[in-house]
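Colleague: missing the sequence, but the structure's below:
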């Protein structure tokens with residue numbers, strides 16, 4: 001059995017615009033808290049995921065699309081339902097503020113530099 005994969009067997013990486021479109025609403029089921037809302041940036045490559053925990057407190061995570069490089073794509077492209085990208089915490093930051101209600105969060109959100117720049 002030949003396990004060697006030639007470059008011509010590897011599916012082409014989609015264009016960035018197609019990747020952004022296919023990543024919309026992907027991997028939201030991975031959150032353990034309830035996803036209350038998702039707000040996408042103007043170009044849809046960033047998103048705020050608003051979460052509500054079992055105590056009713058709100059948190060959020062800012063995520064960005066990470067497009068796999070050629071070597072990563074070679075490795076995963078043959079898996080069922082493989083996507084050429086994933087969502088990762090923006091800037092590697094995973095810390096989250098906690099809010100008692102969504103209005104507090106929206107006020108905080110509008111003051112963030114990332115929101116002002118991208119949303």
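Modeller: Looks like it arrived, so ask away. Model, not experiment: these values are computed from the prediction.

Colleague: the longest helix in the chain is where?
Modeller: Longest among the helix segments of the chain by residue count, using DSSP state H, is helix 102-111.

Colleague: helices or strands next to that one in the packing?
Modeller: Secondary-structure packing of helix 102-111 (3 or more C-beta pairs under 8 Å, 6 or more residues apart in numbering; DSSP states H and E): strand 34-40, strand 46-52, strand 58-67. For every residue, glycine as well, the C-beta is placed using N, CA and C.

Colleague: In the following helix or strand past that helix, which residues are buried?
Modeller: Helices and strands here follow DSSP states H and E; after helix 102-111, the next one along the chain is helix 113-118. Neighbour counts over helix 113-118 (16 or more other C-beta atoms under 10 Å) mark 114, 115, 118 as buried.

Colleague: Determine how far helix 113-118 lies from the middle of the whole chain.
Modeller: 16 Å (C-alpha atoms, centre = their mean, to the nearest Å).

Colleague: How about stretch 10-25?
Modeller: With C-alpha atoms, centre = their mean, you get 13 Å for stretch 10-25.

Colleague: Show residues contacting that stretch.
Modeller: Here stretch 10-25 makes contact (C-beta atoms under 8 Å, 6 or more residues apart in numbering) with 38, 40, 43-45, 65, 67-68, 70, 73-74, 77, 83-87.

Colleague: Pull out the buried members of the residues you listed.
Modeller: Buried among these (16+ other C-beta under 10 Å): 45, 65, 67, 68, 73, 77, 83, 84, 85, 86, 87.

Colleague: Adding pLDDT and distance to residue 24, write these out as JSON lines.
Modeller: Output for the buried ones among the contacts of stretch 10-25, formatted as JSON lines (pLDDT from 0 to 100; distance: C-beta to C-beta, whole Å):
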{"residue": "45", "pLDDT": "97", "distance to residue 24": "10"}
{"residue": "65", "pLDDT": "98", "distance to residue 24": "10"}
{"residue": "67", "pLDDT": "96", "distance to residue 24": "15"}
{"residue": "68", "pLDDT": "94", "distance to residue 24": "17"}
{"residue": "73", "pLDDT": "88", "distance to residue 24": "20"}
{"residue": "77", "pLDDT": "85", "distance to residue 24": "20"}
{"residue": "83", "pLDDT": "93", "distance to residue 24": "11"}
{"residue": "84", "pLDDT": "95", "distance to residue 24": "14"}
{"residue": "85", "pLDDT": "96", "distance to residue 24": "11"}
{"residue": "86", "pLDDT": "96", "distance to residue 24": "13"}
{"residue": "87", "pLDDT": "97", "distance to residue 24": "10"}
